[in-house]
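In: Here's a sequence, model it:
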Amino acid sequence: MSESHPSETAPTGVPVWFWIVSGLALLWNAFGLFDFYNSVSLNEEYLAAYPGYIEFIQSMPVWAMAGWGMGVSLSVVGSALLLLRKAWAFHAYAIAIFGMIVSFGYQLTSDMTPDGDLVTTIMTGVIWVIAFALVWFAKMATKKGWLS
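Out: Below you'll find the predicted structure:
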């Protein structure tokens with residue numbers, strides 16, 4: 001039986017990096033929820049940096065807004081479930097992807113979508129990469145027995 005270095009695993013039997021990734025996931029997704037809240041509440045101070053965004057939010061149909069809300073909310077739930085070491089994290093993240101598809105699908109096809117700059121385009125790609133990485137991470141952690 002091999003011994004692990006104390007800094008490699010936490011007392012719970014999972015590696016320290018699992019807790020780091022899970023904590024960062026919660027912070028990342030909490031910011032997404034913060035962004036959603038400030039957007040749908042039309043916080044003018046928050047949205048001042050995004051010209052045309054208030055009109056875009058006001059024109060967004062309920063189903064697209066619901067997809068966005070579902071995506072960010074379930075991502076926060078998935079991150080909390082990771083920290084609680086629950087395998088349901090995978091399902092929460094997977095359903096969040098569906099919400100993202102609905103929301104981003106509307107954004108891609110809407111005439112009201114504000115003109116995006118390079119930063120916005122890159123950020124959209126980063127959001128998708130992280131979302132799929134978290135689905136994979138939850139699945140991997142479940143297979144390794146870190147989540148139950």
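In: A strand includes G13, no?
Out: No. Judged by DSSP: H, G, I helix; E, B strand; the rest coil, G13 forms no part of a strand; its state is coil.
In: For it, list the residues it contacts.
Out: W146 (C-beta atoms under 8 Å, 6 or more residues apart in numbering). For every residue, glycine as well, the C-beta is placed using N, CA and C.
In: how close does it sit to G145?
Out: G13 sits at a distance of 8 Å from G145 (criterion: C-beta to C-beta, to the nearest Å).
In: likewise I122?
Out: Noted for I122: a distance of 36 Å to G145, by C-beta to C-beta.
In: residue boundaries of the helices in the chain?
Out: Remark: helices assigned in the chain by DSSP state H are 16-40, 44-47, 53-59, 62-83, 88-109, 118-143.
In: Now for this protein, the helix or strand with the poorest mean pLDDT.
Out: Least confident helix or strand of the chain, by mean pLDDT, DSSP states H and E, is helix 53-59 with a mean of 89.
In: doesn't W146 make contact with K86?
Out: No. K86 is beyond contact range of W146, at 10.4 Å (criterion: C-beta atoms under 8 Å).
In: Let me have the helices of the chain in TSV, extended by mean neighbour count.
Out: Formatted as TSV, these follow (neighbours: other C-beta atoms under 10 Å):
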stretch	mean neighbour count
helix 16-40	16
helix 44-47	12
helix 53-59	14
helix 62-83	20
helix 88-109	18
helix 118-143	15
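In: ok, of the ones you listed, where does mean pLDDT dip lowest?
Out: For those, mean pLDDT drops lowest on helix 53-59, to a mean of 89.
In: What helices and strands are in contact with that helix?
Out: helix 16-40, helix 44-47 (3 or more C-beta pairs under 8 Å, 6 or more residues apart in numbering; DSSP states H and E).
In: Distance from the chain centre to it, please.
Out: 22 Å (C-alpha atoms, centre = their mean, to the nearest Å).
In: can you check stretch 141-148 too?
Out: Centre to centre, stretch against its chain (C-alpha atoms, centre = their mean), the figure for stretch 141-148 is 20 Å.
In: Please apply the same query to stretch 49-69.
Out: The answer for stretch 49-69 is 18 Å, by C-alpha atoms, centre = their mean.
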